[in-house]
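Undergrad: Next come a sequence and a model predicted from it.
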Number of protein chains: 2
Amino acid sequence: MQNMALASGAPSRGSPHGDVHDLSSPNGARAASRAGALDGPTSGLAPGFVQGNLAILPADLAGDFLHFCQRNPKPCPLIAVSEAGDPRFHALGADLDIRTDLPRYRVWKDGALIDEPQDILKWWRGDLVAFVLGCSHSFEEALIEDGLAIRHIERGSTVPMYRTSIACIPAGPFSGPMVVSMRPFRPADAIRAIQITTRFPAVHGAPVHIGLPKLIGITDLGRPDFGEPVPIADDELPVFWACGVTPQAVIQAAKPPFAITHSPGRMIVTDIRNSRLAAL
Amino acid sequence: MQNMALASGAPSRGSPHGDVHDLSSPNGARAASRAGALDGPTSGLAPGFVQGNLAILPADLAGDFLHFCQRNPKPCPLIAVSEAGDPRFHALGADLDIRTDLPRYRVWKDGALIDEPQDILKWWRGDLVAFVLGCSHSFEEALIEDGLAIRHIERGSTVPMYRTSIACIPAGPFSGPMVVSMRPFRPADAIRAIQITTRFPAVHGAPVHIGLPKLIGITDLGRPDFGEPVPIADDELPVFWACGVTPQAVIQAAKPPFAITHSPGRMIVTDIRNSRLAAL
């Protein structure tokens, strides 16, 4: 958990020197990013509020990507889509500017990483469309509030993620395997975790698999494709959720001429309460 | 599936010879039982309507049994409890008489089976309280309607049931292990089955266990304590639901001076629609 108050040290980005940002509020967290004062992961910031994965594409690819998300809602749960060229998302935060309000970005050209800046003001174009996709932070909060222990959070590590043999449904140039995140639970807790995450379809929803990793092409749980492995006890089952790394991997594989994503772990913090994403 | 129209052959029980009972309706099924024309299992009769397990106890034990059900709602989901001495359940069917409307009963004295009659008119007493408990027929219907295949139904056999190491919470003289029923599913279907049955807490609700039978004291799935075994494929997980055999076993173990239950598979058919038991 990061310190919830952060003194700004980036006067060059328009914030008066010495500003103190309240990282427990969504607009405080965004203001800290905007001021260049926040560079770490957003996990734990603004508890109770939705954080999102970011994908930005030129308008001529946006339709296909939107179609891809519609066809693959579990890995790509759409929270909001911007108008082309408009960096604002009023529904996600009155002050929100998608070009400055994340701690760090990744800029891609023809599938290659070309920059990892703290803002994308210099990269912004009038034809860009931004997609905000739900992320697992929201459902993890609901699991923790129900008393379930999440192994990678207890260990302070990144959730283990695996490429699977489950193919996403392609749309235009976008295709590829579903990436899943894994959390081990004892059987009764696994059932409870399924019930809880079922309530949150906008943040990946219910698991896509449980218990038999080989069936989805995962041969060694100890060697995740992303993140770090976690131990699984004899009385636990691995439970697999569709993961927001899927759209990132799909965009990289499609090698669009230009794209921007968030830097791993550095999400957009919104004013939407996690509870408002509950389907029931 | 039984023939849905049945000619009554039991004029001695008050039905004119030659009556035809419509077994696709709850009151038709009850009338057939009442006339002595129905003696088989009620599975498949009156599709769409709730069927229940029956337990009848003297009033001086009824409070403890009610408490036991309250403490163990997954194996003992109460649908209705009668007034002492009153064989009617208006909420379950205007015509319903609990003494005649099941195909067959079991009468117990000090824990020993002493009679298995088609009605309990001669055994009825002014101090008896009847309990109707939800049964898995309701949630199995919901699973089938969602397109899931249920192994024991496909095979036309009785669901395999197992005594577990999960202890029920005792109340008065009533105590014992939870009995579970098992249905194998592929992992994604198991997740869907958990979601669907979560909607039906009044008929056992979500599973109590998945995937690791040894953890709940089941050492050999091929040797169920009740019912018949079913094959489990390599790509399937066993999923376990609390079972209505639990209260029957608990009553037998408590050896009350007097008790009546339904005969296995021969349930009370009610006018309540299964969909009305959905929690959401």
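TA: In hand now; what should we look at?

Undergrad: Report the contact partners of the closest residue to chain B within the stretch 1-150 of chain A.
TA: Using CB to the nearest CB, residue A:74 is the residue of the stretch 1-150 of chain A that sits closest to chain B, at 10.9 Å. Bear in mind the C-beta positions are built from the backbone N, C-alpha and C, glycine included. Counting by CB atoms under 8 Å, 6 or more residues apart in numbering or on different chains, residue A:74 touches A:178, A:204-205, A:208, A:242.

Undergrad: Now for these: which two are most distant?
TA: A:178 and A:205 (13.1 Å; CB to CB).

Undergrad: Who has more neighbours out of those two?
TA: Between residue A:178 and residue A:205, counting by other CB atoms under 10 Å in any protein chain shown, residue A:178 is the more crowded of the two (26 against 21).

Undergrad: What strands line up against the particular helix or strand that has the more buried one in it, and which way round?
TA: Secondary structure assigned from DSSP states H and E places residue A:178 in strand A:177-185. Neighbouring strands of strand A:177-185 in its sheet, by DSSP bridges, are strand A:161-167 (antiparallel), strand A:237-242 (antiparallel).

Undergrad: Residue B:54: which of those strands is closest?
TA: strand A:237-242 (36.0 Å).

Undergrad: buried ones in the next helix or strand after the closest one?
TA: Moving toward the C-terminus from strand A:237-242, the next helix or strand (DSSP H and E) is helix A:245-254. If you call a residue buried by 16 or more other CB atoms under 10 Å in any protein chain shown, then helix A:245-254 has these buried ones: A:245-252, A:254.

Undergrad: farthest pair in those?
TA: With CB to CB as the measure, no two of the buried residues of helix A:245-254 lie farther apart than A:245 and A:254, at 14.7 Å.

Undergrad: that older thread, dump the strand holding residue A:178 to CSV, keeping only the CA atoms.
TA: The C-alpha trace of strand A:177-185 is given here as CSV (Å, rounded to 0.1, in the frame of the first residue of the first chain):
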residue,chain,number,x,y,z
PRO,A,177,-5.5,-16.4,-27.2
MET,A,178,-7.3,-15.4,-24.0
VAL,A,179,-4.9,-14.6,-21.2
VAL,A,180,-6.2,-15.6,-17.7
SER,A,181,-5.2,-14.6,-14.2
MET,A,182,-5.1,-17.3,-11.5
ARG,A,183,-6.0,-17.2,-7.8
PRO,A,184,-5.9,-20.4,-5.7
PHE,A,185,-8.8,-21.1,-3.2
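
Undergrad: Determine the angle, from 0 to 180 degrees, between it and helix A:245-254.
TA: 150 degrees (axes from the mean of the first three to the mean of the last three CA atoms, to 10 degrees).

Undergrad: residues of stretch A:49-66 that come out buried?
TA: A:49-58, A:61-62, A:64-66.

Undergrad: where in the stretch 1-150 of chain A is pLDDT low?
TA: A:1-19 (pLDDT under 70).

Undergrad: what about the strands in it?
TA: In the stretch 1-150 of chain A, the strands defined using DSSP state E, counting those that start in this stretch lie at A:5-7, A:20-22, A:49-58, A:78-81, A:105-109, A:112-115, A:128-134.

Undergrad: Can you spell out which helices and strands pack onto the longest one?
TA: Packing contacts for strand A:49-58, counted by 3 or more CB pairs under 8 Å, 6 or more residues apart in numbering or on different chains; DSSP states H and E, involve strand A:78-81, strand A:128-134, helix A:137-145, helix A:245-254, strand A:258-262, strand A:268-273.

Undergrad: which neighbours does the shortest one have in its sheet, and in what orientation?
TA: Sheet partners assigned to strand A:78-81 using DSSP bridges are listed as strand A:128-134 (antiparallel).

Undergrad: Run the chain-centre distance for the strand it pairs with.
TA: 11 Å (CA atoms, centre = their mean, to the nearest Å).

Undergrad: Please apply the same query to stretch A:252-264.
TA: The answer for stretch A:252-264 is 14 Å, by CA atoms, centre = their mean.

Undergrad: Can you show me the CA trace of it as PDB?
TA: Extracted in PDB, the C-alpha atoms of stretch A:252-264 (Å, rounded to 0.1, in the frame of the first residue of the first chain):
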ATOM      1  CA  GLN A 252       0.600  -5.900 -29.700                       C
ATOM      2  CA  ALA A 253       0.100  -8.900 -31.900                       C
ATOM      3  CA  ALA A 254      -2.000  -6.900 -34.400                       C
ATOM      4  CA  LYS A 255       0.900  -4.500 -34.700                       C
ATOM      5  CA  PRO A 256      -1.300  -1.400 -35.500                       C
ATOM      6  CA  PRO A 257       0.700   1.600 -37.000                       C
ATOM      7  CA  PHE A 258       0.000   3.400 -33.700                       C
ATOM      8  CA  ALA A 259      -1.400   2.600 -30.300                       C
ATOM      9  CA  ILE A 260      -1.100   3.700 -26.700                       C
ATOM     10  CA  THR A 261      -1.800   1.600 -23.600                       C
ATOM     11  CA  HIS A 262      -1.300   2.100 -19.800                       C
ATOM     12  CA  SER A 263       2.000   0.900 -18.400                       C
ATOM     13  CA  PRO A 264       1.400  -2.400 -16.500                       C
END
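
Undergrad: For the stretch 51-200 of chain A, what lies in contact range of chain B?
TA: A:186-188, A:190-191, A:194-195, A:198 (CB under 8 Å from any CB of the partner chain).

Undergrad: Which single one of those residues is nearest to residue A:110?
TA: Nearest to residue A:110 among these, with distances taken as CB to CB, is residue A:198, at 39.5 Å.

Undergrad: Could you measure from the closest one over to residue A:247?
TA: 22 Å (CB to CB, to the nearest Å).

Undergrad: Next, the buried residues of the helix or strand where residue A:191 lies.
TA: Using DSSP H and E, residue A:191 falls within helix A:187-198. By neighbour count on 16+ other CB under 10 Å, the buried set for helix A:187-198 is A:187-198.
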